[in-house]
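> could you look at this predicted model? Sequence included:
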Amino acid sequence: MTEYAADVLVVGGGPAATWAALKATEAGARVVLADKGYCGTSGATAAGGTGVWYVPPEPAAREAAMASREGLGGYLADRRWMARVLDETYDRMNELATHGRYPFPTGPDGQPLRNGLQGPEYMRRMRIRIRRAGVRVLDHSPVTELLTDADGAVAGAAGYRRQLHESYRVRAGAVVLATGGCAFLSGALGTNTNTGDGALFAAEAGAELSGMEFSNAYGIAPEGTSVTKTAFYSFATFYQEDGSVLEGAASQGGRSVIARELLTGAKVYARLDRADEGARAAMRLAQPNFFLTFDRLGIDPFTDWFAVTLLAEGTVRGTGGIRITGDDCATGVPGLYAAGDAATREEICGGFTGGGSHNAAWAISSGSWAGRGAAGHALSLGPGRAAGRPVTGAGGAGLRPTGRAAAGPEHREAVALVQREVLPYDKNYLRHGDVLAASLRTLDTAWSRLRAGLHGEGADLVRARQAAAMTAHARWMYAAALARSETRGMAKRLDHPDQDPAQHHRILVGGLDRVWTRPAAKAVVTA
């Protein structure tokens, strides 16, 4: 086993991870970043373009930006956090322009437009920045478990280096989990690394999660493809197989109509026929990756019909994740911090998806805060203490079976079972209490089996831990969805279609062998 030492270990390789690594280094910490893929190309952001919640510091504009999402999110967001994110994002995007030399376009008035990013170029420059800052980057090196000291504080992590075929361990004074959300290997663009690993690691160390009921996000994609960039479908008309308009179908507020039609076995077609010539040109410049699939298929999406489907994006485009307990994105476990989609985004989105723009701003801001917070914690331990303390692996399911490993499920079987319970529209999207409860019983049984027997070595250990993380994620999602017996934000219940004022609170969830839920103790202040 190869050993590394650092003040701060950042787990992940997307925007939140790279901002965390950069800011931890600037705070004086020695930083190691371990990415499951190749930092700069892996993850949902690197695969496409994204808007950014970038609002100049003008009171009226800021007020409008904050008010626009409060109702959609069921009034579960926190205005103090919204203001913090708007401030931090504004500063970091300007920094990206000056220090990162990102080539922002200019508007007709000659002013730079900093409310959007091309993912590949953005992440290419972020990799360059952290390398120049002195961050040690371990590519293709998925983490498999956290390490803790005798007091339960997080003290690093262990993993497996795919290309070197060797295990490794990083001893660190603090760890930032920026591993992204969980899309259950649905095939959505850029989400093949997003299997919920960070949430599993955090729960094993004793952290809680929040907002996991807000996890039923599905993106529109051309049938047979992976591109779930949905903003441009606001220009679409949706059609049935006979050519008639599918009434009620829409990108915003009408996706359930599409889901119900697809459940009948019929196809749904779309055409971006409500975009004028100016909008068409602007769309191609804004997100060229969106059109790459159409160009390869010989389809003009503005004039030709094309079949669409819905792909699950879970907590990647949803809201739930590791609970944040401090302004520095601490998790309540000493030495452990969370950022980006691995963390809950309820602070700024409440119970409604942050889409691209809010989630992008959250990644920038929470990554920066987590990096600084982790650096401060690690450096406060004093020279040598982090590297010298005895550590123990915190990992369980898929790593240390409680029964006979030979009798356990194989990782592919475990993943297939989770997908059968989470991907179908009539289970996760069009939710009903009876269906949720039945799926949760199936998932609980599956967890017991894999906890007793799932195991792997080397690359198979990585896959086994992914299967465990997805199973845990699904159980937390459905337990929280059952606990919220109302419709609020994106957590819609067919059997409870109305919002209940008595449930104006966040729901915490945690546990592994036994999952628990409880209302958050303190109400959220929205004004």
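Perfect, I can see it now. Numbers count the residues shown, from 1 in each chain.
> which of the residues in stretch 436-453 are buried?
Across stretch 436-453, burial judged by 16 or more other CB atoms under 10 Å covers 436, 439-440, 442-444, 446-447, 449-453. Heads up, the C-betas are built off the backbone N, CA and C, glycines and all.
> output it as PDB, nothing but the C-alphas.
Taking Å, rounded to 0.1, in the frame of the first residue of the first chain, the C-alpha atoms of stretch 436-453 are listed here in PDB:
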ATOM      1  CA  LEU A 436     -42.400   3.600  -1.800                       C
ATOM      2  CA  ALA A 437     -42.900   1.400   1.200                       C
ATOM      3  CA  ALA A 438     -42.800  -1.800  -0.900                       C
ATOM      4  CA  SER A 439     -39.600  -0.600  -2.600                       C
ATOM      5  CA  LEU A 440     -38.000   0.300   0.700                       C
ATOM      6  CA  ARG A 441     -38.700  -3.200   2.100                       C
ATOM      7  CA  THR A 442     -37.000  -4.700  -1.000                       C
ATOM      8  CA  LEU A 443     -34.000  -2.300  -0.600                       C
ATOM      9  CA  ASP A 444     -33.700  -3.100   3.200                       C
ATOM     10  CA  THR A 445     -33.500  -6.800   2.400                       C
ATOM     11  CA  ALA A 446     -31.000  -6.100  -0.300                       C
ATOM     12  CA  TRP A 447     -28.900  -4.100   2.100                       C
ATOM     13  CA  SER A 448     -28.900  -6.900   4.700                       C
ATOM     14  CA  ARG A 449     -27.700  -9.400   2.000                       C
ATOM     15  CA  LEU A 450     -24.900  -7.200   0.700                       C
ATOM     16  CA  ARG A 451     -23.900  -6.100   4.200                       C
ATOM     17  CA  ALA A 452     -23.400  -9.700   5.100                       C
ATOM     18  CA  GLY A 453     -21.700 -10.900   2.000                       C
END
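> going forward can the numbers begin at 575, since that is how I track them
Okay, using 575 as the starting number, the last item reads as stretch 1010-1027.
> show residues contacting that stretch.
970-972, 975-983, 988, 991-992, 995-996, 1001, 1041-1042, 1045-1046, 1048-1049, 1052-1053, 1055-1056, 1086-1087, 1089 (CB atoms under 8 Å, 6 or more residues apart in numbering).
> same check, this time on stretch 1069-1087
Stretch 1069-1087 has contacts (CB under 8 Å, 6+ apart) with 648-650, 777-778, 781-787, 897, 920, 970-971, 1006-1008, 1021-1022, 1025, 1046, 1050, 1053-1054, 1057-1062, 1089-1094, 1097-1098.
> helices or strands up against the lowest-mean-pLDDT helix or strand in the chain?
In the chain, the helix or strand scored least confidently by mean pLDDT, DSSP states H and E is helix 959-962, which has a mean of 71. On a contact count with 3 or more CB pairs under 8 Å, 6 or more residues apart in numbering; DSSP states H and E, helix 959-962 meets strand 576-585, strand 740-751.
> pLDDT below threshold where in the stretch 775-924 of the chain?
In the prediction, the stretch 775-924 of the chain carries no residues with pLDDT under 70.
> strands of that one, start to end?
For the stretch 775-924 of the chain, the strands defined by DSSP state E, counting those that start in this stretch occupy 783-784, 792-796, 811-813, 842-845, 880-886, 895-896, 910-912.
> pull the residues that contact the last one.
Residues outside strand 910-912 that contact it (CB under 8 Å, 6+ apart): 594, 720, 728, 748-752, 772, 776, 779, 781, 895-896, 898, 902-905, 940, 944, 947-948, 951.
> centre of the chain to it, how far?
Offset of strand 910-912 from its chain centre (CA atoms, centre = their mean, to the nearest Å): 15 Å.
> shouldn't Asp1034 be in contact with His985?
Yes - assessed by CB atoms under 8 Å, Asp1034 is found in contact with His985 at 6.8 Å.
> identify the contacts common to those two.
By CB under 8 Å, 6+ apart, no residue touches both Asp1034 and His985.
> mind listing what the residue lying closest to Ala810 once chain neighbours are set aside touches?
Leaving aside its sequence neighbours, Ala810 sits nearest to Ala844 (CB to CB, 6 or more residues apart in numbering; 4.5 Å). Ala844 sits next to 794, 807, 810-813, 875, 879-880, 882 when contact means CB under 8 Å, 6+ apart.
> of these, keep whichever come out buried.
With neighbours counted using 16+ other CB under 10 Å, the contacts of Ala844 contain these buried positions: 794, 807, 810-813, 875, 880, 882.
> adding distance to Asp1074, write the residues you listed out as TSV.
TSV is the format used below for the buried ones among the contacts of Ala844 (distance: CB to CB, whole Å):
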residue	distance to Asp1074
Ile794	30
Tyr807	31
Ala810	34
Thr811	35
Phe812	32
Tyr813	37
Pro875	41
Phe880	40
Val882	34
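> and which of the residues you listed is nearest to Phe678?
The shortest approach to Phe678 among those belongs to Tyr807, at 25.5 Å (CB to CB).
> Leu1017 versus the closest one, what's the distance?
To Leu1017, Tyr807 is 31 Å away according to CB to CB, to the nearest Å.
> and for Leu871?
For Leu871, the distance to Leu1017 - CB to CB - is 37 Å.
> what do you get for Gly733?
For Gly733, the distance to Leu1017 - CB to CB - is 26 Å.
> do Arg1058 as well
Using CB to CB, Arg1058 is found at 18 Å from Leu1017.
> next up, phi/psi of Arg1039, please.
phi -70, psi -30 (degrees, to the nearest 10).
> contacts only, for it.
Arg1039 neighbours (CB under 8 Å, 6+ apart): 718-719, 771, 774, 969, 971-973, 1030.
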